[in-house]
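**Q** Kindly generate the corresponding structure for this input.
(one chain, ligands or ions: 2)
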Amino acid sequence: MKIALLGYGRMGKAIEEIAMNRGHEIVLKVSEDIATYELDKLEIDVAIDFSIPSAAYKNITTCFENGIPVVSGTTGWLDDYEKAKKICDKNNSGFIYASNFSLGVNVFFELNKKLADMMKGLEDYTVEIEEIHHMQKLDSPSGTAISLAQQIIEKNSKLKGWQLDHADSDEIPIFAKRIKDVPGTHTVTYDSTIDKIEIIHSAKSRQGFALGAVVAAEYLKDKTGVFTMKDVLSSLFEN
Ligand SMILES: NC(=O)C1=CN([C@@H]2O[C@H](COP(=O)(O)OP(=O)(O)OC[C@H]3O[C@@H](n4cnc5c(N)ncnc54)[C@H](O)[C@@H]3O)[C@@H](O)[C@H]2O)C=CC1
Ligand SMILES: O=C(O)C1=N[C@H](C(=O)O)C[C@H](O)C1
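**A** Ligands and ions are numbered 1, 2, ... in the order given. As a prediction, this is how the structure comes out:
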């Protein structure tokens with residue numbers, strides 16, 4: 001498969017290594033305004049976007065307009081996600097966005113939903129989320145922490161939203177910490193005066209995120225439509 005990397009930083013480099021080990025070819029590495037690259041002169045099967053929040057929407061939609069499907073893991077741009085989906089459909093292209101591509105985190109998401117369902121009637125417990133990442137991370141809270149909060153809110157109608165660092169009683173507080181070299185740790189805690197329940201996912205490296213993104217690109221090749229990591233993982237478990 002011929003892959004374009006939109007963003008060639010920590011994740012772009014980790015994806016390159018895994019993609020090449022799986023027999024794919026990197027035909028383009030985009031590091032600045034996508035308008036400066038001649039996409040129409042290259043054969044690209046799938047673009048993988050791990051860039052920066054302010055560039056992701058333009059990167060993604062420019063690819064759709066050039067007939068290139070996109071796997072995006074960039075966080076911090078999701079206010080434009082619905083618009084991006086429409087542009088994907090209009091151009092008959094393919095799209096997968098995930099706040100976290102690691103298999104382990106996607107299992108953790110399912111655990112989080114199940115736990116939220118069990119805890120929703122237990123009013124003695126309050127819920128909070130903590131995320132820890134490396135010092136270079138641009139967005140806060142992490143996309144994964146926002147996904148975790150949204151999953152809990154969907155299960156518990158008494159919770160109306162989330163806030164960074166503090167929250168009203170009907171909201172989930174998300175605490176974001178920045179510590180040198182941490183690839184990504186997420187904790188969901190339910191606390192009462194009697195006890196505490198915690199679920200934790202700790203990434204040991206970026207390898208899991210990168211592998212998930214390449215597997216998602218393999219799934220997306222030659223497909224049209226908007227998909228999620230759930231679709232990708234279901235297809236793996238079918239085989
Ligand atoms: N969904 C997931 O599983 C994961 C998502 N991420 C997200 O991926 C993004 C990238 O993370 P890292 O690689 O750690 O960041 P990074 O800062 O190492 O890399 C970003 C790269 O984008 C480049 N860039 C700047 N402007 C650009 C433009 N207009 N077009 C294309 N590239 C441009 C920068 O030069 C930089 O090399 C972040 O939003 C991060 O939160 C990170 C890990 C996992
Ligand atoms: O910026 C990172 O590094 C990560 N970003 C993603 C997020 O915002 O959730 C995923 C992962 O935790 C690493």
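**Q** Helices along the protein, start to end?
**A** Applying DSSP state H to the chain gives helices spanning 10-21, 53-65, 81-90, 103-119, 143-155, 207-220, 229-238.
**Q** any residues touching the fifth one, and which ones?
**A** Meaning helix 143-155. Helix 143-155 is contacted by residues 75-76, 78, 99-100, 105, 109, 112-113, 116-117, 120, 127, 129-131, 159-162, 172, 174, 176, 184, 186, 188 when judged by Cβ atoms under 8 Å, 6 or more residues apart in numbering. In short, each C-beta sits where N, CA and C put it, glycine included.
**Q** can you pull the contacts of the residue of the chain most remote from its centre?
**A** The outermost residue of the chain, judged against the average C-alpha position, is residue 194 (34.6 Å), by Cα atoms, centre = their mean. Listed by Cβ under 8 Å, 6+ apart, the contact set of residue 194 reads residue 124.
**Q** now with 7 Å?
**A** Counting by Cβ atoms under 7 Å, 6 or more residues apart in numbering, residue 194 makes contact with nothing.
**Q** Within reach of ligand 1, which of the contacts of helix 143-155 are there?
**A** 75, 76, 99, 100 (Cβ under 6 Å from any ligand atom).
**Q** Nearest to ligand 2, out of these: which one, please.
**A** Within those, the smallest distance to ligand 2 is 3.7 Å, found for residue 75 (Cβ to the nearest ligand atom).
**Q** Quick one: neighbours of the closest one, just the number.
**A** 25 (other Cβ atoms under 10 Å).
**Q** what does the one 3 residues further on give?
**A** With neighbours defined by other Cβ under 10 Å, the count for residue 78 comes to 18.
**Q** Excluding chain neighbours, give the residue nearest to it in space.
**A** Spatial nearest neighbour of residue 78, chain neighbours left out: residue 143 (7.2 Å); criterion: Cβ to Cβ, 6 or more residues apart in numbering.
**Q** quick revisit: for PyMOL, what selects the buried ones among the ones next to ligand 1 among the contacts of helix 143-155?
**A** A single PyMOL command selects the buried members of these (16 or more other Cβ atoms under 10 Å):
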select buried, resi 75+76+99+100
